Each structure stands twice: as C-alpha cells, then as structure tokens.
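Q: what would the 3D arrangement of this be:
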Amino acid sequence: PVRWSTRANRGVTATLNDLVAQATGKYVTAIHTDDYLLPGGLMARVRYLEEHPEKQAVFADALAIDEKGVEVAGSAIRNIHGGRPEQYGTDRGLRREVINRWAVPGGTLMMRRDFYRQFRYDERFIIEDFDLFLHLVSQDLLGFIPVCVSASRVHSRNTSRRSDIWIKVQQDRIQAGIKRLGEFSIISAIQLLGTILQLSLPIWKYRISSQLSSLRAFLRKKPRL
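A: You can find the predicted model right below:
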C-alpha cells in the first residue's frame, strides 16, 4: 500500500523525521523527486544489510544524469563528487573518506528502521547527509556496495548547488563536524578538524569579497567635494 500525504514545506530534515515516524518496514530509504531507482538497487542493499547485521546502514553509487535524463557519468561518486569509492572497502578507509572527501550521491542510502529509535535528523540543518554519515562512520555502522542503485540528476536546481544557500550548507557541515567531534578517536578528530577548517576558509573568503564589493560600491556613489 502507498500512503500519500502533503503539508507545508518544513525542509528536508523535518520531512525525513516525519517519514521515519510513519515507516513500518524493516528498512528505510528515500529518493529525491528528480532521481529514480535502478532495477535491483533496493534488493542489493537489503541483501547487504541481511548479510551484515553489525551494520546499521549501507549506501552505494549512482549514475549521473542531466536535466533531460541523459547519462553523463557512470559513477556519481567519482566523476561528479570527486570521491574515491575504492577506499570504501574498510571501516577505516570509509571513515577517512567521509571525513575528508564528502562524495555521497543522494538516493543511495538504506537504513535499518530500528536505528531511528536512537537517532533523529537535526532539523537545524537544511541537508541531512553529513551529520548522519559522520555519526555512522564514527561507530563503524556504515557499509558500501560498489554498484549503481539509482540515477542522480545533476542540474542547477540541486539544493546543495544553489548559490543562495551555499553558505548555509557549508555552515551546516561545519556545525555537524563540531557536533560529532567527540565521537571520534584522536586521529579521526584531527582529520575532522582539518575538514572544518577547509570548509570555513571559503566562507570567510566569500564574506571578505562581499564586504570589499560593498565598500567599492559605496565609494563610487559617495559624492566628491
């Protein structure tokens, strides 16, 4: 059975919390409205979780498609997000890659529903991924399968690519990193601090550039005596 509901837009994280609360199955997955599942993708992830009871979640790769549905890359992780999926085969490698090189395409994650008894998406954030994945890899609860399970659409309207909310996305990632620092070992925490610094620098650069542009505009308008 399919349940259809609608309400005012409260953002991705709040919506996911509402959906999880309504879920009744053993596993939970979500996909964006402009993406689609590939044949066998659901069962591939179910099979992994059935065979790895120590893991609470698994993700996979995705094809990248353009606005017209034409395939532009066979690996969204590698070709679109700059990730290294060959490093995802061990808990250590996966943890390092998630911290240092965020490259997970949307629509590829599957969770055990029971996991949500002790986890809620942080509704302060406009994207859910980074905070969740940091928590998962800090406890070695995340797995990966090297297959494409969905098609991920790449276009100018992707939430994380919109220039008007780019700073908010980066700030959310910084706050998620700070929030999860205490869950990691010293070495991983140092790596995470490095990522937080890398995320901070472009924000400061953008702010300084904006201030300078405003100052130049003010000086051009200021009447000369």
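
Q: and the strand or helix carrying Ile145, what other elements does it pack with?
A: Mapping Ile145 onto the secondary structure by DSSP states H and E places it in strand 142-153. Using 3 or more CB pairs under 8 Å, 6 or more residues apart in numbering; DSSP states H and E as the contact definition, the elements that strand 142-153 packs against are strand 36-37, helix 41-51, strand 57-65, helix 91-100. From N, CA and C alone the C-beta is placed, and that goes for glycine too.

Q: can I get the ones you listed in CSV including mean pLDDT?
A: Listed next are the helices and strands packed on strand 142-153 as CSV, based on pLDDT from 0 to 100:
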stretch, mean pLDDT
strand 36-37, 94
helix 41-51, 97
strand 57-65, 96
helix 91-100, 96
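
Q: okay, those, which one's buried deepest?
A: Between those, the one whose residues have the most neighbours on average, counting mean count of other CB atoms under 10 Å, is strand 57-65 (a mean of 25).

Q: Gln170 is in contact with Phe130, correct?
A: No. The pair Phe130 / Gln170 is not scored as a contact, 10.2 Å apart, by CB atoms under 8 Å.

Q: so the two - more neighbours on which side?
A: Remark: of Phe130 and Gln170, Phe130 carries more neighbours, 23 against 18, as counted by other CB atoms under 10 Å.

Q: pLDDT score for that one?
A: In the predicted model, Phe130 carries a pLDDT score of 93.

Q: make CSV out of the helices and strands packed on strand 142-153 and add distance to Ile203.
A: Output for these, formatted as CSV (distance: least, CB to CB, whole Å):
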stretch, distance to Ile203
strand 36-37, 34
helix 41-51, 35
strand 57-65, 27
helix 91-100, 18
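
Q: leaving out chain neighbours, which residue sits closest to the residue nearest the centre of the chain?
A: Computing the C-alpha centroid of the chain and ranking residues by CA atoms, centre = their mean puts Asp129 first, at 3.1 Å. Using CB to CB, 6 or more residues apart in numbering and skipping residues adjacent in sequence, the residue nearest Asp129 is Val104, 6.1 Å away.

Q: how much space separates the residue nearest to Val149 when sequence neighbours are not counted from Arg101?
A: Of all residues beyond its chain neighbours, the one nearest Val149 is Gly41 (3.0 Å), with distances taken as CB to CB, 6+ apart. Between Gly41 and Arg101 the distance is 23 Å, computed by CB to CB, to the nearest Å.

Q: Asp91 too?
A: Distance, Asp91 to Arg101, by CB to CB: 16 Å.

Q: and the helix or strand following the strand holding Ile145, what does it pack onto?
A: Secondary structure here is assigned by DSSP H and E; on that basis, the next helix or strand after strand 142-153 toward the C-terminus is helix 166-180. Counting contacts by 3+ CB pairs under 8 Å, 6+ apart, helix 166-180 packs against helix 129-138, helix 186-221.

Q: and the angle from the first one to helix 166-180?
A: Read that as helix 129-138. 20 degrees (axes from the mean of the first three to the mean of the last three CA atoms, to 10 degrees).

Q: list the residues that contact the nearest residue to Ala189 once chain neighbours are set aside.
A: On the basis of CB to CB, 6+ apart, the spatially nearest residue to Ala189 that is not a chain neighbour turns out to be Leu181, at 5.3 Å. Contacts for Leu181 were tallied using CB atoms under 8 Å, 6 or more residues apart in numbering; they are 189, 192-193.

Q: now, among these, which is nearest to Thr29?
A: Leu192 (26.5 Å; CB to CB).

Q: quick one: the closest one and Gly177 touch, right?
A: Yes. With the criterion set as CB under 8 Å, Leu192 and Gly177 qualify as a contacting pair; they are 5.3 Å apart.
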